[in-house]
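In: sequence? don't have it. structure:
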């Protein structure tokens, strides 16, 4: 009989640890936590896994990041922001840096970026860029986005002008 009493106390201790003193309250907390996470990861954040080397050294291949979908509800993207670009819906996203804003003329001269004739300071670039020579006229609702790893020839790099609706949000980390 003494062994059964010890066993009951042992099970009772584990039940209390697992379910708390009030199992109904614990269940309500669990459901509330699950709903909060579902809300956060469907309305506020998009998890994005970096694929490829285009954002080196800022982001590495395979790195997981969160994108805040609400970041541009009250303001527009700023130069230097790392944003997620919609390729096809919410599932295929690219992380890129905004370097050109609406109405600007952006020129790459031997790898150096000029905005409306003024050289752009890019402290996030740690690697020597390839000698790109391209120019872009950006429309009134468009942004020029490009990766931080510009060591490859321009033809191998995904950089593009995107419209505001294609920007899914700002990278959190």
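Out: Arrived safely. Since this is a predicted model, take the numbers as computed values, not measurements.
In: this protein: strands as residue ranges?
Out: Applying DSSP state E to the chain gives strands spanning 45-49, 64-68, 82-88, 92-100, 105-109, 112-115, 118-119, 133-137, 142-146, 160-163, 167-171.
In: could I get those as JSON lines with mean neighbour count and distance to residue 25?
Out: Bear in mind the C-beta positions are built from the backbone N, C-alpha and C, glycine included. Shown next, in JSON lines, are these (neighbours: other Cβ atoms under 10 Å; distance: least, Cβ to Cβ, whole Å):
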{"stretch": "strand 45-49", "mean neighbour count": "16", "distance to residue 25": "28"}
{"stretch": "strand 64-68", "mean neighbour count": "17", "distance to residue 25": "30"}
{"stretch": "strand 82-88", "mean neighbour count": "18", "distance to residue 25": "38"}
{"stretch": "strand 92-100", "mean neighbour count": "21", "distance to residue 25": "39"}
{"stretch": "strand 105-109", "mean neighbour count": "17", "distance to residue 25": "57"}
{"stretch": "strand 112-115", "mean neighbour count": "16", "distance to residue 25": "57"}
{"stretch": "strand 118-119", "mean neighbour count": "9", "distance to residue 25": "61"}
{"stretch": "strand 133-137", "mean neighbour count": "12", "distance to residue 25": "58"}
{"stretch": "strand 142-146", "mean neighbour count": "24", "distance to residue 25": "48"}
{"stretch": "strand 160-163", "mean neighbour count": "16", "distance to residue 25": "48"}
{"stretch": "strand 167-171", "mean neighbour count": "21", "distance to residue 25": "35"}
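In: for those, which one sits closest to residue 20?
Out: Evaluated over the strands of the chain, closeness to residue 20 peaks at strand 45-49, with 28.8 Å, by Cβ to Cβ.
In: ok, now which ones touch residue 163?
Out: Going by Cβ atoms under 8 Å, 6 or more residues apart in numbering, residue 163 touches 141, 142, 143.
In: can you give me the neighbour number for residue 127?
Out: 11 (other Cβ atoms under 10 Å).
In: correct me if wrong: it contacts residue 150.
Out: Yes - the pair residue 127 / residue 150 is scored as a contact, 7.4 Å apart, by Cβ atoms under 8 Å.
In: break this protein into its domains for me.
Out: Per automatic domain parsing, the structural domains of the chain span 2-42, 50-171.
In: pLDDT below threshold where in the protein?
Out: Counting by pLDDT under 70, the chain has low-confidence residues at 1-17, 89-91.
In: try 50
Out: 1, 10 (pLDDT under 50).
In: can you get me a residue count around residue 126?
Out: By other Cβ under 10 Å, 11 other residues sit near residue 126.
In: OK, contacts around it?
Out: 57, 148.
In: for it, phi and psi?
Out: Here is the backbone geometry of residue 126 (degrees, to the nearest 10): phi -110, psi -20.
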